[in-house]
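[1] With the sequence up front, the predicted model follows.
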Amino acid sequence: MAAATRVLKKGISPSLVVILGATGTGKSKLAIEIGKRLNGEIISADSMQVYKGLDIITNKVTEEEQAQCRHHMISFVDPLVSGYTVVDFRNKALSLIEDMHRRKKLPIIVGGTNYYIESILWNVLIDTGQGSDTESEKAGAPESKVELEKLGGPELHRRLKEVDPDMAALLHPHDARKIARSLQVYMDTGVLHSQLLEEQRGQDGGDCLGGPLRFQDPCIFWLHYKMNALDERLDKRVDQMLSLGLIDELRDFHLRFNEKKIKESSQDYQHGIFQSIGFKEFHEYLTASEDISQEERDKLKIKGPASNVPPVYGLDVTDVTNWETTVLTPALKILDCLQKRGD
């Protein structure tokens with residue numbers, strides 16, 4: 001507990017902990033254990049877990065796990081809101097981190113979604129002053145990002161190439177979302193997206209990779225694995241999801257939020273929680289006629305599921321039979337060393 005006392009006493013180093021890794025590597029487990037020992041609180045940086053519902057398929061921490069360590073940014077956005085953006089996430093997350101530092105708590109960011117984490121670590125987003133897409137629509141913006149995306153990637157890319165060829169060269173012609181974002185930045189600010197990014201890279205502490213780090217001395221853990229071990233673990237996770245009631249969860253969510261959209265032919269699996277891996281894959285199963293046999297219905301189920309760069313500490317999570325020795329203890333030692341260096 002000496003490390004916990006020092007973190008509380010200084011509240012400076014590390015400024016925050018980030019835990020990265022693929023699905024099934026144990027990110028939440030490590031975050032909870034660090035939080036319990038070092039007086040931390042957890043911020044979920046998962047773009048799907050911000051939405052209410054689909055707790056199983058988005059693999060949200062359970063109520064029992066949340067009781068062990070306080071969690072933030074989970075289940076607070078209405079699933080029918082399509083305009084929730086990374087800017088909205090960043091603004092709320094930075095406010096939470098500031099509050100934690102003020103209360104001498106250690107912020108622990110768990111990914112999740114890499115560009116959500118990047119928005120916290122680096123000054124890399126362009127603010128247009130319009131807020132989220134939903135707010136832009138309410139303000140009467142001529143074309144919101146969501147409306148632009150409906151034009152499709154090729155048409156959007158053609159438009160972007162005309163006004164900002166440098167940015168267009170960086171984006172794939174079919175990446176409608178990112179292209180629409182670049183066009184919206186130009187429309188809202190009158191300045192080319194590529195120019196704004198270049199100015200950002202030129203800020204003190206920035207480089208060719210982007211803007212400067214927001215927080216000094218962050219500690220980043222990357223949980224890595226051997227692929228065959230992860231495949232087996234993910235297979236077991238899918239089985240566990242099914243046993244926890246995945247099908248019932250999807251059916252209930254579909255009836256409450258998606259059935260009306262399908263009747264109106266307005267379902268959209270490209271925005272919000274409807275992007276969740278597994279939900280759109282169950283579309284045919286959820287919308288199948290009641291007349292088909294159970295055997296035919298079962299066939300419709302899915303089969304399975306620089307200078308401004310801080311150091312990243314790798315932790316091998318291939319073998320979890322001795323997890324405390326191979327994962328938790330090394331992580332705590334690294335945090336203790338970082339704190340001592342900051343004293």
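    The structure has been received and is ready for your questions.

[2] Give the bridge partners for residue 111, please.
    residue 45 (DSSP bridges).

[3] pLDDT value on it, please?
    We note a pLDDT of 80 for residue 111 in this prediction.

[4] Run a quick neighbour tally on it.
    22 (other CB atoms under 10 Å). Any C-beta I mention is one placed from the backbone N, CA and C, and that applies to glycine too.

[5] Residue 43 too?
    By other CB under 10 Å, neighbour count at residue 43 equals 30.

[6] for it, phi and psi?
    phi -110, psi 120 (degrees, to the nearest 10).

[7] who are the neighbours in contact with it?
    Going by CB atoms under 8 Å, 6 or more residues apart in numbering, residue 43 touches 71-73, 93, 96-97, 107-110.

[8] So which of these belong to strands?
    Among the contacts of residue 43, the members found in strands (DSSP state E) are 71-72, 107-110.

[9] which one of those sits closest to residue 202?
    Distance to residue 202 across the ones in strands among the contacts of residue 43 (CB to CB) is lowest for residue 109, with 26.7 Å.

[10] State the pLDDT value of the nearest residue to the closest one once chain neighbours are set aside.
    Excluding the flanking residues, the one nearest residue 109 by CB to CB, 6 or more residues apart in numbering is residue 18, at 4.6 Å. Residue 18 carries a pLDDT value of 94.

[11] what angle separates the helix or strand where residue 18 lies from strand 106-111?
    Per DSSP states H and E, residue 18 falls inside strand 17-21. Going by axes from the mean of the first three to the mean of the last three CA atoms, to 10 degrees, strand 17-21 is angled at 20 degrees with respect to strand 106-111.

[12] how about low-confidence regions in the stretch 151-300 of the chain?
    205, 207-209, 227-235, 237, 254, 256-300 (pLDDT under 70).

[13] I'd say residue 157 and residue 178 touch.
    No - the criterion here is CB atoms under 8 Å, and residue 157 misses it with residue 178 at 10.1 Å.

[14] neighbour-wise, which of these two wins?
    residue 157 (21 against 17).

[15] Leaving aside the residues adjacent along the chain, what's closest to the more buried one?
    Using CB to CB, 6+ apart, the closest residue to residue 157 is residue 173 (4.2 Å).

[16] How about the contacts made by the one you found?
    Residue 173 neighbours (CB under 8 Å, 6+ apart): 153-154, 157, 179.

[17] Helix, strand or coil: sort out residue 57 for me.
    Put simply, residue 57 is coil when judged by DSSP: H, G, I helix; E, B strand; the rest coil.

[18] rewinding a little: which one of the ones in strands among the contacts of residue 43 is nearest residue 337?
    Using CB to CB, the ones in strands among the contacts of residue 43 come closest to residue 337 at residue 108, 17.4 Å.

[19] give me the number of residues near that closest one?
    The number of residues packed near residue 108 is 27, by other CB under 10 Å.

[20] In this structure it contacts residue 27, no?
    No - using CB under 8 Å, residue 108 is not in contact with residue 27, being 10.0 Å away.

[21] Could you pull out the residues contacting both of these two?
    Residues touching both residue 108 and residue 27 by CB under 8 Å, 6+ apart: residue 19.

[22] Sort out which residues of stretch 108-118 are buried, please.
    By neighbour count on 16 or more other CB atoms under 10 Å, the buried set for stretch 108-118 is 108-113, 116-118.

[23] ok, back up a step: any chance of the backbone angles for the residue nearest to residue 157?
    Main-chain torsions, residue 173, degrees, to the nearest 10: phi -60, psi -20.

[24] Same question for the one 4 residues further on.
    Phi and psi for residue 177, reported as degrees, to the nearest 10, are phi -60, psi -50.

[25] Give me the nearest residue to it, chain neighbours excluded.
    Sequence neighbours aside, residue 149 is the residue nearest to residue 177 in space, at 6.1 Å (criterion: CB to CB, 6+ apart).

[26] Read off the pLDDT value for that neighbour.
    At residue 149, the model reports a pLDDT of 77.

[27] in what helix or strand does residue 241 lie?
    According to DSSP H and E, residue 241 maps onto helix 227-243.

[28] I should have written residue 64 there, sorry.
    Per DSSP H and E: helix 63-68 holds residue 64.
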